[in-house]
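K.L.:
Provided below are the primary sequence and the corresponding predicted coordinates.
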Amino acid sequence: MSLKDWHIEDILAAVRKKKKSLAALSRENGLAAGTLNNALRRPWPRGEKIIAQALGLTPGEIWPSRYSGGNKKQRKPLLTKKIKS
């Protein structure tokens, strides 16, 4: 069974239920007001941890695809041709 990441709106709703906003969480952690929005759209461990702690969860509970060991994407090498020296 594969677990799905929370939908962005579900995360925002959970934050609002805690009487917070992402902007307020950002500022409380010394970040610019819009910075935590980045964690909603792309992996950013520091931001994910801040959001998860505010909700009393772990980042892996909110974003299982980012934290499960078997779903790591294979990265292509940066250089595809050998450089002649």
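P.N.:
Arrived safely.

K.L.:
what separates the residue lying closest to residue 43 once chain neighbours are set aside from residue 16, distance-wise?
P.N.:
Nearest in space to residue 43, with sequence neighbours left out and distances taken as C-beta to C-beta, 6 or more residues apart in numbering, is residue 66 at 5.2 Å. (C-beta placed from N, C-alpha, C; glycine too.) In this structure, residue 66 and residue 16 are separated by 22 Å, where distance is defined by C-beta to C-beta, to the nearest Å.

K.L.:
of the two, who's got more company?
P.N.:
residue 66 (17 against 11; other C-beta atoms under 10 Å).

K.L.:
hmm, who's touching the helix or strand that contains that one?
P.N.:
Here residue 66, judged by DSSP states H and E, is contained in helix 64-67. Among residues not part of helix 64-67, those counted as contacts by C-beta atoms under 8 Å, 6 or more residues apart in numbering are 3, 4, 5, 43, 48, 59, 60, 71.

K.L.:
okay, now the unreliable bits of the chain?
P.N.:
For the chain, the stretches with pLDDT under 70 are 1-2, 70-83, 85.
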